[in-house]
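**Q** Build me a model:
(chains A and B)
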Amino acid sequence: MTYYLVVFVSGLAGSFHCIGMCGGFACALGHDPRGPGATTLRHLLYNFGRLTTYCFLGALAGALGQVICTRQGATVTLLGGSLNVAEQILATLAGLLMIVMALQFFGVLQAFHRLTIGFGSSTFAISLRSLLTTPNRAAPLAFGVFNGFLPCPLVYAFAAEAVSTGQALPGFLTMASFGLGTFPAMLIMGGVGRVLAPAWRQRGVWLAGSCILLLGLITLGRGILPFGAHIAHGWPGGHPA
Amino acid sequence: MTAPGDMICSHCLLPLGQRPMQRKANGENCAFCCYGCCIAFQVKNGTSEEWEAAWLLIRLGVGGFLSMNIMLFSLLFYTDTFNGPDARLIPWIQLLLWIFATPAVMILGGPFVRETWHDGLQGRLTSSALIVIGVGAAYLYSAVAVIERGPHVYFDTATMVLMLFTLGRLLEAAGRARAARDLEPLLAAERESVVVVHDGAEIRRRVREVEAGMLVRVRPGERIPIDGVVIDGESHADEAVITGESRLVTIGFGSAVIAGSINLDGPLLIQSGDAGTATRWAQICRSVREALSRPSPSHRLADRAVGIAVPLVLILGVLTVLYWAQWLSFDRALLIGLAVLVVACPCAVGLAAPLATSLGIGRLARCGCLVRDPAALETLARTRLLAFDKTGTLTEGRARVVDIESDGVGTSEVLARAAGLERHSEHGFASAITAAAMTRDIEPVVARDIRIVPGRGIEGNVGGERVAAGNGALMGDLGWSLAPTLHERGRSLEASGYSVIYVGWGDQVHGVLSLDDALLAEARSTINALRDRGLHVILLTGDLEGAAQRVAVAAGIDDVQAALSPEAKRAALKRRRMRYDAVAMVGDGLNDGPVLADADVGIAVGSATDLARETAAIVLPAGGLFMLPWVIDVARAVRANILTNLVWAFGYNLVALTLATLGLLQPILAAAVMAGSSILVVLNSLRLERLPDPVSAPIAKPPSDAETARAGIGVPVALGPAIERA
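**A** This is a model prediction of the structure:
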């Protein structure tokens, strides 16, 4: 449980990063002329759409990890090894990726940052603007779904983590915790419609970076330390590895 | 009602299929070739007022929301999350999936069902029918399975296949639109709006509403929409699209500007010289639009192949299900059948030809080369014989003075008198003679009482003395004596194809001017470049043998047929066709219209005729002879691209189909690779965008006139350098 809590906190803190981009969308969704209830519904739908995409990506990533692990695991058993090598490799890669992403939040590796969000995200965003202004009630949901696919280092980091869990359910839960973590900030953005003070945003981004760095180090440790599995099981409530 | 100009898709500018989708977007009626283009267009251009634009996106988004939820639960399901005590949840989860799947199938499958229905009403089966049948079967089976508490449901497969196909079509349409970007300015010519200044007020008008005499304001960076004269402002213009040459032209007060050129740096006020629809630019645009709406031969072939393939695939799908049903459970067999239907969807095949052709046409049009028929581009690529007309194609089409002989008086005196007379004439030779005088800084004498003798020449009075310039007949009529050397010289020059003008005064002929049509500076390098491309080059001309030989030698052509009537030219082309399969004829479009029309590919260079009445399939701009090798490169690249596209699309389909029939390909995977194949075809075609620009090949030093003459008839040339092209 603690594990998911850390992921949730990362999402919560990381959403200060989201405000930079997705927060703009949330603001743009704005108020519904039909009243505060409709406005809340609008933003809930938007965030729910986003969450769905994250969950889907998480489950997909987890299932992918599972496929890799089971397939490779079989050969390892044949070789007589008791450790699942594929799982370790996966954990190492995911851990490294998370650390790289985390470092970006501290302003390191900016070139990589451009690479990760540079995949035509602005074109994508411009394409979606028509969704922001339609009165249709389902539009925020659709917008949220697309929004979830927007290139974002946070999402990449947790998708990598989801792959390393090596099962669909924990992968899904990882991304779901992360997504839920981003809810409050995004809802506040939509409701308040006021950008938080830059200083606070910066602190949030650092906190998120620290959380992701911690998670990345643990994941990496699972991969390369000889008794990595113990670390994983060290999570109270059990880590789904 | 559909205007003839609207026969191409508003988004990707490819020819519309037999049943276009009609939509209203941005206040204009739009027609789309496919569902993907419809979505992509609205994604790109939709404004907040266009409710429908957003509705399509919402449809995609909500469809995505539902199918992702289905996929999510199915993934958990497949990865054995609901084992053991959780197994009692399974029927409820299946029910939940059904609840999600029903709206998803309706939302995403709707357009496919409509397409199938409309095509079915016309008695045709298209690829959307395959999707509808496959997905419908999977959905119905799963619904029955939920009711009967069956072990397996396949809602995820049904919705994901639909989702991937919709997404694939959207991406494909986005790629096609990128390809169409080149063509957009061409097609928008008459629809573009311009600022018309009227009584000091500025009004926005469409180009087609501009009439002669109106004042039009053009800002820097904008395209000049009309032919006219600058009455205020200074700037530079890029006339590449009309002249083919990308160079800057300085324009200022009084400069003539051509519609289609780009105003680069300063605001201009232009007085329109002609109606907005009458410019060459507008004609080019109309012509490109027409060409695009015409399917090329390989396009038709591919369409026919698709028409045959769909029923076959359907039968194959049914047979696959029946076969596998003997060995596997029915639901497994059904899935294999679905994979067959999905993977055999021949979308990429239908896309292979038109995309490459449009890209090629757009690429050429941007440099002022006009393709009036897509078929011509494909034929040109496999042509191995190029026949040239001489006058106006390899030569300037204008005479110039190459030699002056006299009986002892100075050549400048002969020229001064001839020019004095000829500046009052409008004959083609007259301008050549006055130009010759001007280049040599010879002041023409002042002549009075000018009289033009039709078919003979011109005579007048210089300082009380009678002066005449004209052919031998004129001199004979006047009864003027002609020195035997001059007479002989004139005869031999005439025999070898030169035009000869005798100049006389004081009852005697004093000089002979010989005129010839000069070879274009770039002719030789162009012919060489064509030969490097493995083409056989011949010269077919109606001119005399001598003149033809001279030009052929200078241009480097070995195979010459001279003194041909237009009928004889056509016959000569026909004979060559036996050996070379496809033959192309290059002419100036003025004198050889019928021959150009008769060749497999007619190419007109610098045609002055009205484009609408043009008979050539490909029209190069004036002075565009140097672009010919490049045009052939583009045509070959387009043809190679179409071939690789087709080989790829067919090959891919066959391999994937085999795998699917053997049950080795999951339906979702099949849908993904299918969408991928269309995108790969688009990407492959987009490589055509990177074709280099035509370069005016380094012009080989034009052979001097001495060489030309010697090579031709062995006549020594009296004068120095020939008069350069103005």
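
**Q** Relative to chain B, how far out is A:Phe143?
**A** With distances taken as CB to the nearest CB, to the nearest Å, A:Phe143 is found 7 Å from chain B. From N, CA and C alone the C-beta is placed, and that goes for glycine too.

**Q** So which other helices or strands are in contact with the helix or strand where that residue lies?
**A** Assigning secondary structure by DSSP states H and E places A:Phe143 in helix A:139-148. Counting contacts by 3 or more CB pairs under 8 Å, 6 or more residues apart in numbering or on different chains; DSSP states H and E, helix A:139-148 is packed against helix A:2-29, helix A:36-79, helix A:129-133, helix B:51-78.

**Q** Quick check: mean pLDDT of the following helix or strand past the second one?
**A** Using DSSP H and E, the helix or strand that directly follows helix A:36-79 along the chain is helix A:85-105. Throughout helix A:85-105, pLDDT has a mean value of 76.

**Q** What is helix A:85-105 packed up against?
**A** Under the contact definition 3+ CB pairs under 8 Å, 6+ apart, helix A:85-105 sits against helix A:36-79, helix A:110-117, helix A:153-165, helix A:198-224.

**Q** I'd like to know which of those is closest to B:Val318.
**A** With CB to CB as the measure, helix A:36-79 is the member of these nearest B:Val318 (31.8 Å).

**Q** winner for burial among the helices and strands packed on helix A:85-105?
**A** helix A:153-165 (a mean of 27; mean count of other CB atoms under 10 Å in any protein chain shown).

**Q** The lengthiest helix in chain B packs against which elements?
**A** Determined from DSSP state H, the single longest helix within chain B is helix B:628-661. Applying 3+ CB pairs under 8 Å, 6+ apart, one finds that helix B:628-661 contacts helix B:297-325, helix B:330-343, helix B:347-365, helix B:374-382, helix B:523-532, strand B:601-605, strand B:618-620, helix B:667-686.

**Q** The fifth one versus helix B:628-661: what angle between them?
**A** Per axes from the mean of the first three to the mean of the last three CA atoms, to 10 degrees, the angle that helix B:523-532 makes with helix B:628-661 is 20 degrees.

**Q** Next secondary structure after helix B:523-532?
**A** By DSSP H and E, the next helix or strand past helix B:523-532 is strand B:536-540.

**Q** Give the rounded mean pLDDT of that following strand.
**A** pLDDT averaged over strand B:536-540 gives 88.

**Q** Just checking the distance from that strand to the centre of its chain.
**A** Relative to its chain's centre, strand B:536-540 lies at 24 Å (CA atoms, centre = their mean, to the nearest Å).

**Q** contacts for it?
**A** Defining contact as CB atoms under 8 Å, 6 or more residues apart in numbering or on different chains, one finds that strand B:536-540 is touched by B:384-390, B:394, B:527, B:530-531, B:548, B:551-552, B:555, B:557, B:559-562, B:564, B:569, B:572-573, B:576, B:580, B:585, B:595.

**Q** In helices, which of those fall?
**A** The helices, defined by DSSP H, take in B:527, B:530-531, B:548, B:551-552, B:555, B:569, B:572-573, B:576, B:580, B:595 from the contacts of strand B:536-540.
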